[in-house]
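In: got a sequence here, can you model it:
(2 chains)
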Amino acid sequence: MTPALIKPKPRNPVSALRLPTLPPPARSRSALRLTAAAAEGRLELQHCADCGTVQYPSRSACVTCLSHRLEWRETNGAGELISGTVLHHSNELYYRERVPLRLGTVRLDAGPALLVHLQGDCAAAPSRVRVSAHLDKSGQAVLIALPAEDTANMADDPMLREMTSDPKFRKVLVTDGKPAVGQAVAMAMVEAGADIVWVGVAEPWKQAPGFDALTKLKQIEIVPLDVTDEKSVEELAGVIGGKVDILINTAEFHRTHTVVDRGTETARAEMEVNYLGLLRLAQAFGPAMRVRAAEGSAPATAWVNLLSIHALSALPSHGTFSATKAAAFALSQNLRAEMRHAGIRVVNVFPGPIDDEWNQLVPPPKLAPVALAEAIVAALRDGIEDVYPGDVAQDIVTRFRESAKVLERELWDQ
Amino acid sequence: MSAALLSELAGALAAGGVRVVDLSQTLSSRFPQIVLPPEFDQCAPFRVEEISRYDERGPGWYWNNLSFGEHTGTHFDAPVHWISGRDLPNNTTDTMPPASFIAPACVIDCSAESARDADFLLTAEHLRAWENRHGKVPAGAWVLMRSDWSKRSDPVAYQNFDETGQHTPGPDARAVRFLVEERDVLGFGTETIGTDAGQAAQFRPPYPCHTFMHGAGRYGLQCLANLDLLPPTGAVLIAAPLKILRGSGSPVRALALATD
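Out: I've put the predicted structure just below:
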């Protein structure tokens, strides 16, 4: 059974820092579809639309009937481990640092045989396992087999932990802890076992209901942080930048402002927080997190951005807000590309309307801040990269993928 | 007027017989800005971002870009700031007569009262009592309300918000009307974040100092500091707003000349 993770000791300050290395990142265009599904936590494989064969690895034609009508569909990962081995040597720098590694071949009940990592609790072949797709440190999908039934401390397996960002024992920065969402996220991090949760506070003279209770928790440390202020961001990074394992950017400015409503002040304020705030955080905290991404005992691991489902398709009644979230989404994609060299996971969260004071006139269903916080914890634990929490977000992302133009029209009157 | 007067002043400044007192707060992102209810557009806070600092962005020089609202830091309110002063002549930062940027100052010490009661209101009775001790407020003078509020270095204490809003001292409506109508003052200055009291939105009329001062073409100064270093009378205040085209106000480096 996987030994329970113990709280990591602080790094020995005189030993050399272990620098980030990556597992091989190259994938074919076709194989990137496995990555696309894994980014949302699904195992998808190629299914032949003509003969029903499920195949792996991906190819341009069906291995049974040569049809090119291949569809990527969610696939049940249940199967049998038919052989296992332990890797003791590798020429890849990344694997050299992580051997011995358990690898195996699993015959899925759906048909194909897969080469997989083996979670440590998998019984020797032959045994029943569940295969799931995860993003590895290079941000590409790999397959890992888990025991058929959950085991105690399963998530503490070293290879699984490489692929995920469980907050347990980690040091987390929540960039704006005052609003309901920030409070809920900070609380969820404490409940998920985070070692320290730094909670940023801007404009300290503004009081927020419920905030005092949060400040009394021993894991919580309130820090001054105003993402609209370069100095404030730099000063905090100067103090804790070398310690943050997970950064969760909850800072958000949201007013109901349409494009033709007079004035640019609201739009500018939204941009200052939602777009430039993220940029300032990335410049101040990104480099130190990248360097620490492979630190032995407690590496930096993830960066979470609170976006909006309307980053994908704008909501005209919240026009300027949507625009800033679209800008932040583009920035976040670029941040992900830059953080990948270190294996830092950039998680984008795309909620529908949140049940807060800035969506008062939006009819339900609205996403409760607590539900949003739970979705963030789940994404970190499962190693998911793109999160669409709640019914509205799920509905909109589905429609967006069916037809972005149809969705654009349908959002006009919402 | 002889040129000797200015030479004498220059000599006194150099010799220290005339002190220059800095009445300005340091402009920084730490210094709080005015907060309006969120349904209104807000004054941008003071922000400074580096252009370069002897680095790859500019190897031999250091400079910054600034952004701020007209009403940030120690700042000047022009008459056009308030709707009551919107149609007056010479009511903007670029058209106000420069001679009015240098004027005598009367300092009303309300520090003890403000320490006892954050909602302290300066009344016409207080002003008359002050005049009994220090003489009549001259026409064309600044009246500065000393509350020692500028010594609150913690922004939370400086803003002093609770769920009913801000609690900071200021003048009541009659005091303002007395100064405008019976004393013909140049303007009113405070150490707090507005020339009106924190609760002035509830007054009748709301924001009496803004309403009556600016309605009569008079000025405002707020977020002043070091008023405790000034004598009750005899100081000369120098506060020149930036010459912003049709500006409603501006941060200023407010200075006072005082003799010992």
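
In: contacting residues for the closest residue to residue A:181 other than its chain neighbours?
Out: Residue nearest to residue A:181 in three dimensions, not counting chain neighbours: residue A:369, with 4.6 Å by C-beta to C-beta, 6 or more residues apart in numbering or on different chains. C-beta here means a position set from N, CA and C on the backbone, and glycine is covered the same way. Shown here is residue A:369, whose contacts under the criterion C-beta atoms under 8 Å, 6 or more residues apart in numbering or on different chains are A:180-181, A:183-185, A:354-356.

In: and residue A:369, its phi and psi?
Out: Backbone dihedrals for residue A:369, given as degrees, to the nearest 10, come out at phi -50, psi -40.

In: that one and chain B, how far apart?
Out: For residue A:369, the distance to chain B under the criterion C-beta to the nearest C-beta, to the nearest Å works out to 18 Å.

In: check residue A:211 too.
Out: Using C-beta to the nearest C-beta, one obtains 13 Å as the distance from residue A:211 to chain B.

In: contacting residues around that residue?
Out: Shown here is residue A:211, whose contacts under the criterion C-beta under 8 Å, 6+ apart are A:177-178, A:183.

In: verify the stated contact: residue B:113 with residue B:120.
Out: Yes. Under the criterion of C-beta atoms under 8 Å, residue B:113 lies in contact with residue B:120, with a separation of 4.5 Å.

In: look at the two and report which has more neighbours.
Out: Between residue B:113 and residue B:120, counting by other C-beta atoms under 10 Å in any protein chain shown, residue B:120 is the more crowded of the two (22 against 14).

In: what residues do residue B:113 and residue B:120 have in common as contacts?
Out: residue B:169.

In: how is chain A partitioned into domains?
Out: If the domains of chain A are taken from automatic domain parsing, they occupy A:32-162, A:171-410, with pieces of a single domain joined by a plus sign.

In: how about CSV for these, with mean pLDDT added?
Out: Below are the domains of chain A laid out as CSV (pLDDT from 0 to 100):
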stretch, mean pLDDT
domain A:32-162, 95
domain A:171-410, 96
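
In: of those, flag the one that's most buried.
Out: Neighbour counts (mean count of other C-beta atoms under 10 Å in any protein chain shown) averaged over each of these peak at domain A:171-410, with a mean of 20.

In: ok, back up a step: farthest-separated two in the contacts of residue A:369?
Out: Greatest spatial distance in those: A:185 and A:355, 14.5 Å, computed using C-beta to C-beta.

In: was I right about residue A:328 contacting residue A:278?
Out: Yes. Using C-beta under 8 Å, residue A:328 and residue A:278 qualify as a contacting pair, with a distance of 5.4 Å.

In: for the chain, identify the residue most remote from the centre.
Out: You didn't pick a chain, so chain A it is. Here chain A has its C-alpha centre computed as a mean, and the residue farthest from that point, by C-alpha atoms, centre = their mean, is residue A:65 with 38.0 Å.

In: wrong chain, I was asking about chain B
Out: Most remote from the centre of chain B, using C-alpha atoms, centre = their mean: residue B:56, at 40.2 Å.

In: distance of it from chain A?
Out: 14 Å.

In: on the pLDDT front, check that residue for me.
Out: Residue-level confidence at residue B:56 comes out at 94, pLDDT.

In: got it, and residue B:186?
Out: As predicted, residue B:186 sits at a pLDDT of 98.

In: just give me the neighbour total for it.
Out: By other C-beta under 10 Å, the residues close to residue B:186 number 23.

In: thought it was touching residue B:100?
Out: Yes. The pair residue B:186 and residue B:100 qualifies as a contact (C-beta under 8 Å) at a distance of 6.0 Å.

In: shared neighbours, these two?
Out: With contacts taken as C-beta under 8 Å, 6+ apart, residue B:186 and residue B:100 have B:140, B:219 as neighbours in common.

In: around chain B, pick out the residues from the stretch 201-350 of chain A.
Out: A:203-207, A:226, A:228-232, A:255, A:263, A:265-266, A:268-269 (C-beta under 8 Å from any C-beta of the partner chain).

In: what does stretch B:112-129 contact?
Out: By C-beta under 8 Å, 6+ apart, the surrounding residues in contact with stretch B:112-129 are B:108, B:110, B:137, B:143, B:145, B:147-149, B:160, B:167-172, B:174-175, B:177-179, B:197-199.

In: switch the cut-off to 6 Å
Out: Around stretch B:112-129, the neighbours that count as contacts under C-beta atoms under 6 Å, 6 or more residues apart in numbering or on different chains are B:110, B:145, B:147, B:160, B:167, B:169, B:171-172, B:174-175, B:178, B:199.

In: want to throw those into CSV with distance to residue B:246, secondary structure and neighbour count?
Out: What follows is these, written out as CSV (distance: C-beta to C-beta, whole Å; DSSP: H, G, I helix; E, B strand; the rest coil; neighbours: other C-beta atoms under 10 Å in any protein chain shown):
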residue, distance to residue B:246, secondary structure, neighbour count
B:110, 34, coil, 25
B:145, 28, strand, 30
B:147, 32, coil, 28
B:160, 33, coil, 21
B:167, 34, coil, 17
B:169, 32, coil, 27
B:171, 28, strand, 31
B:172, 31, coil, 21
B:174, 32, helix, 16
B:175, 30, helix, 25
B:178, 31, helix, 20
B:199, 31, coil, 17
